[in-house]
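Engineer: here are the coordinates; sequence isn't available:
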Ligand SMILES: Cc1ncc(C[n+]2csc(CCOP(=O)(O)OP(=O)(O)O)c2C)c(N)n1
Ligand SMILES: Cc1ncc(C[n+]2csc(CCOP(=O)(O)OP(=O)(O)O)c2C)c(N)n1
Ligand code: SF4
Ligand code: SF4
Ligand code: SF4
Ligand code: SF4
Ligand code: SF4
Ligand code: SF4
Ligand SMILES: [Mg+2]
Ligand SMILES: [Mg+2]
């Protein structure tokens, strides 16, 4: 053993300056926010995102920035609202049940047009559910959640390295459009460790004419969502809708892998896309040309791109860590032109490459009208 | 004037026993719940549903039943959870911002499979918004709201009389499937007065094997949504999905008016359907054969029926008190087979029959591929 | 939106001309008065009353000072007024 | 799921046979012991120790009674045990 | 702007004894006739004038009849969701250490839905001032019971009068908060008469000064009226306030930890 | 089952001095070695036995390490969302006047996210018992600071120790609740040693008896340990509890309104 | 046949009640009816209004873009609602508070000093009941008898005195509207 | 080339750390790697586990349905993970705690008395590091040097003593695994 030790010593000398760092997703996203110039973080502990809060608890005070462990997720999102109203760059994070508690706050943020990044490290639901990884908050993130007519840009990383870059992008989008932006991750992204090349990005700061800094030598400013006169509120809503239209034209993100020669495309995001990648390798070994269409922005959903890319395919297979939610947006984009199959696992379970391979085999064989496939699919739990 | 008075006296004698009663929607829904055997009500004041709470505050104690004004909507939905867990028939009501605060609770109710009726008298959003009537919580009610894979039956009354009967139906559906059921009304339904024939319905009570009554001479029971082992939670989710499938097969509700000879169908629910009805009268005066397809269950959405009924039509016009939410479910049902136009008002404004007539005229004239119509439509704010 | 004011809607504040004149201890922005009567009760001299005829812009019977001479400029009326309707002036020996 | 128990995992509670026998003041359900040691500290007689060899079903070194004769049946061990591992018997004069 | 109200210029030669503060916007309020909010707004505006705080103030408006406070107080304002003003103010304060920050909250807002937020802002000793307007009712939504409503008081949600057996007792939230070491100053005033209006203004001044001096959370509960919600004339409402309400909510300074006159706490 | 533990039959002739209560299920718990929850569960089970409450009990489980209480206490149980147990219990109690209802809540659950719910259940004087397990930390989520965490205590969210300047002071929530007339009994016990374990059991018994007698809200705060979260051996944790924690959270009965020994309240 | 009436005025003028009375009268006559108020903070200070639709067939939108009659009790409501009147529609103006002329020439305008009459009968809040009398006099959408009965029922037997004044106010408006010459 | 290893055992056996060391070693060698733990309450009492995938190409699912090597430190983890091994896969069993035989015949099974060895080296928690040594001895997915370096880096210079025992434990397992005959 003395021998081995000796060798180790020598190895130690080798220079590895720009060597990637092994980081937990939660910690990597936290550090990415710090490097992106995050001024304040507000959160409340919950599995599987607790390490994000703990990272901030250690680093932010070191840097003389603001960290507050709130008394609840409701307090956290509202502290964030106050800080954002002054023009600060703010991060909030939680997991599914805690995000549900932020529904009213998100609606206020959207109505008050406040920039902010909110990270949801999804776990199995409904209710207390489990702490296992899940993607069953897709509907909440992209459609419902709070009350009223609003949309929130949603970015979904499928690796820790991507999570790091999306955090910076999220702050940029949030400030460009004065809107909260959600990063939709899951327990795998949050808990896994992967190598991260420490190349962070700090989006430039642009000051607007709305930040609350004290009405010193200028007229007072009010950040609010209340417009008691319906006429006024409708005008406000028209402006919001126009903004959402701009976002859905300009902020669509997606990635494709092996789509050129593909006859079937898997549509999957986040961890599901990782599983899909492994399944696709195996499928190609079995002579099935399968590609991956990976939405990165879940809202705006890459509908046109998806319709384009898949127009000539035999079938589309949607894979989610849910009972089937994104599949609705896929069907809206496809409008019956291509059969859509679905495979999902729920409650903290992760689809296995083997399962996905089976569905690919079925899709390869079958041809069926979309309704039937979709229905059969969405009740197909294992 | 003495004369008039005299006459009045005599009129007074005329028997009008079964004469309809003029009731505010909020009060009518409250009384309907009472007559349906509601054991307990929990709520928190908010415009435009305050009269519902006030009616319960007066009537429930009179009847020796439970009324609690909670300290918040979160407390209200959780008090309701506790009461429902014992098998009690429970009602909760609020309006948009308050409903947002119930997101976590709704997810727990769905996960714990507890029957309950929740009334949302929608107002303009997002955020504090306005107190005007709105339908902009459609996405929240039918798709997102709480975290996790769950659905909640949503019933939308378009008159006060219908609201009364739907309240009883809601309790029945809630208990048949052990699920929360939402009644999605709006400020007009809540605040208007219309004649109600006092013929209420009390759904039969069926006791299950899950109610918490004290483990006296039987094994203990646990009402919960937690299944920490993902395998267990997935099994639970499969059972839930199977239930949602049953519901979506058996509990679809919709109404049609003048669809037989119609060349264009307006799809609208609640107050929007009332406006549509007036617009349709005028349209027919102008020689346009227009019918009304009125979804009553928003989830399950009457997709098959809509696809069926509208297959041969020139166009579909969706009217909402929102920037366009139900229109997505319409497009999912239609899948591009018929052009879909949209007209919506937001922020507490109500579309006028005149506006709808204009859209009908446009639809009558135009023929355009669905994407374009829909996009044009959904940004068409006036 | 067009707002017609009924003629009875009383005194508007006017910038006072200089020079000798009958001293006016109070300015009352009547169109902001809501006729709540708190000042009427607060006035030790009982010289404030609510207008009996027509209403102001807001639809209320605005308050009136009945006897300027009796006013001590104690400003109690101003301190209780929820709508900050009053300006109170000192009774300068000159007047 | 298959659970193999390592042989060192100690005494299981057995229904005692009747008749005279060496008195045992304690029953210890070792497979539920988590080796927290609270009882060891609580015992005034210092006759409880944590097993030094193998682990029990749960992977812990379970507690052992070293000297049954010295036990006063004071039950302090039982009152502090978070896992309700003990049954304590009175030292009946007969034994 | 700002400066002592007395010194403000006027086209008029007569000496001004009292005039509408310059920090009160020149418009009529939406409040009902005789509503206490109007008086309390006026006091806040006078202090913003006298302490020249306007340029560095960030106010947090809560949800209640006073939601429009920003229409009357010409300072930077952020609107908070119902009950969350102390959380919003925490966010503002933490990133703006130099600002003067206050919340203006009703009793339904602070003592019901917002209980957790005020308690924990107090526990953390956040450096902002809370103007807590207790009119014992939910004014804006039509006069329902608040946790502060008096026993036997009739409201639209206690039509036969509030009963302890089903709705419990009026909640002495300010006394509860005063137990927390993070609360540097807690006092209860009233607008029942000119004298108390003056004392209440002094309490608010003290609270503001402590905040400016770097103290912890300061809260002034102001007993107020809701003539409409109480079903009384403004005058009767003032009587009721002066006679009955103060019986349940004793007036005065509850704690002033800079005077080190502290009640029992968990500090030691 | 039930009945006095002593009288329970056994196949054995030896007289039993102590045995696992019949109201504790026959399975090993998921708690860490030496966790106080195990002891407190045992006390509750003993009382359910001794008071024969099993058949009429409806328990409310909160979210924390004790979320699985229903796996160990064989009575009807409903799971509450994090912090909302007092609201859930209110719902249960109102529709089941004859049931014996209790909540079992951690300090993060009760004193942080659930502050509004416990305060208002107390203000309403709801007739259920609260078993409040204060271990000064968020155990389940990995040992973050709770509002009850001691100053200078290191946790995963206060890596350099809790500082009053940024996180405020430990919150004496039970003392705050004791101010409310709706609270009939409030006491603080501990599991630091056999003697206090016994006294704490007596406090719980008193609380349960008051509930059965129709009294208002009863709460027993039990100072407990989280060896894992505190980074101490179970033994060290008990020492710390007995020596340091009780300094901040004095043990004893805080209010017993059936003994009419009441502190200052807003009743009068 | 369908008739939509909008009543608008100050918060304190009791017009929601008057609208309720009108709706109740329609119910008494077995007609379809919907009553829709402006609600919320508007009621504080500002202008309040309500829309009453009476019809023989199921009623469409409770909120209208065309009104058959409008009762304007204060200047803001005249400005706000005038444009919704159909040609030949009835506009009742509370001439005690409204000096402004209607800008439209295609209407039947009845100037009724409702406030003055109300004060005469004894209570400001009767202003709307007076207007209601005038409305029913010019447009027989319901019979005066039904209105009187509705008044009795809504006020309730326990408050006979109140009923008396309200009936008086109604008749006062009813007769007045016969006298005033249409503009 | 890709190699997926699953380590399973009791919470207190330090296998998340051992997995981390393995992953870090791979990073040192410039490989792609993902480390996925079982997380949450499981860590209390029950069985903990982690999956380490080392590859030369981008890694797909961090959670696997096929493992190349499995380290089972207690009976439950043997039962739980055995079936995931590919034919010919390596199964390292902590023979001090596991008597049960593997039910499969197509595996390379190495019986290593990790617990006994760990107690010998002086600390129960070293059991995983010992197993790690055995793993690297049977499957050169990373070099022992890299592992040793990873150990130093992760433990940190301030705790030289600790580094010494861990290095010792690693070597102990490494050599042991050379000796034990494969079953
Ligand atoms: C989440 C939410 N719930 C309820 C409401 C409705 N609401 C508006 S103000 C208010 C309470 C007003 O009472 P208070 O805070 O005492 O203020 P006041 O009007 O009496 O001054 C309520 C319940 C709301 N806007 N948002
Ligand atoms: C809404 C919500 N937020 C956060 C969590 C995560 N969570 C679970 S338990 C817990 C707190 C546990 O601390 P405590 O109540 O003191 O119980 P302990 O584990 O210490 O006994 C938290 C924050 C959750 N489940 N739900
Ligand atoms: S200043 Fe004094 S005396 Fe003069 S009106 Fe006002 S209150 Fe009366
Ligand atoms: S107090 Fe003010 S609002 Fe009230 S009557 Fe007097 S002047 Fe008018
Ligand atoms: S009963 Fe007493 S003496 Fe015997 S082992 Fe237990 S603690 Fe020691
Ligand atoms: S107290 Fe209980 S669990 Fe702890 S060592 Fe003793 S017997 Fe084992
Ligand atoms: S309702 Fe009450 S609190 Fe609100 S404005 Fe009117 S009087 Fe003031
Ligand atoms: S984490 Fe702490 S509270 Fe939770 S079980 Fe372990 S020791 Fe007990
Ligand atoms: Mg109030
Ligand atoms: Mg705790």
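Structural biologist: Happy to help now that I have it. The structure presented is a predicted model; accordingly, all values stated were derived computationally and were not measured. Ligands and ions are numbered 1, 2, ... in the order given.
Engineer: against ligand 2, how distant is the closest residue to chain C within chain E?
Structural biologist: Residue of chain E nearest chain C, by Cβ to the nearest Cβ: residue E:38 (2.6 Å). Every residue, glycine included, has its C-beta placed from N, CA and C. According to Cβ to the nearest ligand atom, to the nearest Å, residue E:38 stands 40 Å off from ligand 2.
Engineer: that residue: what secondary structure?
Structural biologist: helix (DSSP: H, G, I helix; E, B strand; the rest coil).
Engineer: for it, what are its contacts?
Structural biologist: Contacts for residue E:38 (Cβ atoms under 8 Å, 6 or more residues apart in numbering or on different chains) come out as C:81, C:82, C:83, C:84, E:29, E:31.
Engineer: now with 7 Å, please.
Structural biologist: C:82, C:83, E:29, E:31 (Cβ atoms under 7 Å, 6 or more residues apart in numbering or on different chains).
Engineer: residues of chain A that sit close to ligand 6?
Structural biologist: Within chain A, no position lies close to ligand 6 (Cβ under 6 Å from any ligand atom).
Engineer: where in chain A is pLDDT low?
Structural biologist: Chain A contains residues with pLDDT under 70 at A:1-17, A:367-382.
Engineer: and the most centrally placed residue in chain C, how far from chain D?
Structural biologist: Chain C has residue C:28 as the residue nearest its centroid, 3.1 Å off, counting by Cα atoms, centre = their mean. Relative to chain D, residue C:28 is positioned 76 Å away (criterion: Cβ to the nearest Cβ, to the nearest Å).
Engineer: how close does that residue sit to chain A?
Structural biologist: Taking Cβ to the nearest Cβ, one finds residue C:28 at 28 Å from chain A.
Engineer: next one: phi and psi at that residue?
Structural biologist: phi -120, psi 120 (degrees, to the nearest 10).
Engineer: is it in a bridge, and if so with what?
Structural biologist: Counting by DSSP bridges, residue C:28 forms beta bridges with residue C:86.
Engineer: I figured it hits residue C:83, correct?
Structural biologist: No: with contact defined as Cβ atoms under 7 Å, residue C:28 does not count as touching residue C:83 (10.5 Å).
Engineer: what's the neighbour count on the nearest residue to residue A:132 once chain neighbours are set aside?
Structural biologist: Once flanking residues are discounted, residue A:132 sits nearest to residue A:348: 2.0 Å by Cβ to Cβ, 6 or more residues apart in numbering or on different chains. Counted by other Cβ atoms under 10 Å in any protein chain shown, the residues lying close to residue A:348 total 30.
Engineer: same thing with residue A:209?
Structural biologist: 6.
Engineer: what sits against the residue nearest to it when sequence neighbours are not counted?
Structural biologist: Distance criterion Cβ to Cβ, 6+ apart; nearest residue to residue A:209, sequence neighbours excluded, is residue A:221 at 7.9 Å. Residues near residue A:221 by Cβ under 7 Å, 6+ apart: A:210, A:212, A:215, E:76.
Engineer: what comes up buried for the longest helix seen in chain G?
Structural biologist: Criterion DSSP state H: the longest helix present in chain G is helix G:160-179. Buried residues in helix G:160-179, counted by 16 or more other Cβ atoms under 10 Å in any protein chain shown: G:163, G:165-174, G:176-177.
Engineer: what's the per-residue pLDDT of the residue nearest the centre of chain G here?
Structural biologist: Centroid-nearest residue in chain G, with Cα atoms, centre = their mean: residue G:132, separated by 4.1 Å. pLDDT for residue G:132: 98.
Engineer: got phi/psi on it?
Structural biologist: phi -60, psi -40.
Engineer: and what of residue A:144?
Structural biologist: phi -90, psi -100.
Engineer: would you check that it makes contact with residue B:146?
Structural biologist: No: Residue A:144 is beyond contact range of residue B:146, at 8.7 Å (criterion: Cβ under 7 Å).
Engineer: neighbour count: these two, which is higher?
Structural biologist: Neighbour comparison, residue A:144 and residue B:146: the larger count goes to residue B:146, with 32 against 22 (by other Cβ under 10 Å).
Engineer: what strand or helix carries the nearest residue to the more buried one once chain neighbours are set aside?
Structural biologist: Excluding the flanking residues, the one nearest residue B:146 by Cβ to Cβ, 6+ apart is residue B:107, at 2.8 Å. Residue B:107 is located in helix B:103-112, with elements delineated by DSSP states H and E.
Engineer: is ligand 1 contacted by that helix?
Structural biologist: No: against ligand 1, helix B:103-112 shows no contacts by Cβ under 6 Å from any ligand atom, the least distance being 12.0 Å.
Engineer: following that helix, which helix or strand comes up?
Structural biologist: strand B:116-122.
Engineer: what angle do that following strand and helix B:103-112 make?
Structural biologist: Using axes from the mean of the first three to the mean of the last three Cα atoms, to 10 degrees, the inter-axis angle of strand B:116-122 relative to helix B:103-112 is 150 degrees.
Engineer: sweet, I'm off.
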